[in-house]
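>>> Pasted the sequence and its predicted model underneath.
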Amino acid sequence: QVQLVESGGGLVQAGGSLRLSCAASGRTISNFPMGWFRQAPGKEREFVAAISWNGDGTFYADSVRGRFTISRDNAKNTVSLQMNSLRPEDTAVYYCARNWGGNYFRPTDYDYWGQGTQVTVSS
């Protein structure tokens, strides 16, 4: 079993920054790609960013590329998402998840999920 706990969400004005963290416990995540997803009210969960198991590969949704940066520290069993130049449309609950299926963009290829952290961007 893997437990994932996100933190770092909050309320920020448009143009501001937040850094989300995801801490894993139970079993290591160092051998698995990890991803961040988000879900806004009334919308489906959508891919935000993913990182390969060793950090060499990173992938982003078009809507966040150039503003968000995903990173990981396998020694600490953590994954982070630095979010800059935030926009009101970034408002959502953000989830980190462990990838097992190989496709980084599909939620169904992730097996363990955190409980989510709320990010609210005011205009």
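Looks like it came in fine. Numbers count the residues shown, from 1 in each chain.

>>> how about the residue nearest in space to the middle of the chain, secondary structure?
Nearest residue to the geometric centre of the chain (CA atoms, centre = their mean): Trp36, 2.3 Å. Per DSSP: H, G, I helix; E, B strand; the rest coil, the secondary structure class of Trp36 is strand.

>>> That one - nearest residue in space that isn't next to it in sequence?
Closest residue in space to Trp36, ignoring its immediate chain neighbours: Val48 at 4.3 Å, by CB to CB, 6 or more residues apart in numbering. (Glycine included, C-beta is placed from N, CA and C.)

>>> so what strands line up beside the helix or strand harbouring the one you found?
Remark: Val48 resides in strand 46-51, with elements defined by DSSP states H and E. Strand 46-51 has the following sheet partners, assigned by DSSP bridges: strand 34-39 (antiparallel), strand 58-60 (antiparallel).

>>> what's the most buried one of the ones you listed?
strand 34-39 (a mean of 24; mean count of other CB atoms under 10 Å).

>>> Quick check: mean pLDDT of that strand?
For strand 34-39, the per-residue pLDDT values average out at 98.

>>> And for stretch 61-77?
In this model, stretch 61-77 has a mean pLDDT of 97.

>>> Give me the buried positions along that stretch.
Of the residues in stretch 61-77, those scored as buried under the neighbour-count criterion (16 or more other CB atoms under 10 Å) are Ala61, Val64, Phe68, Thr69, Ile70, Arg72, Asn74, Asn77.

>>> Please flag which of those residues sit within strands.
Within these, residues falling in strands by DSSP state E are Phe68, Thr69, Ile70, Arg72.
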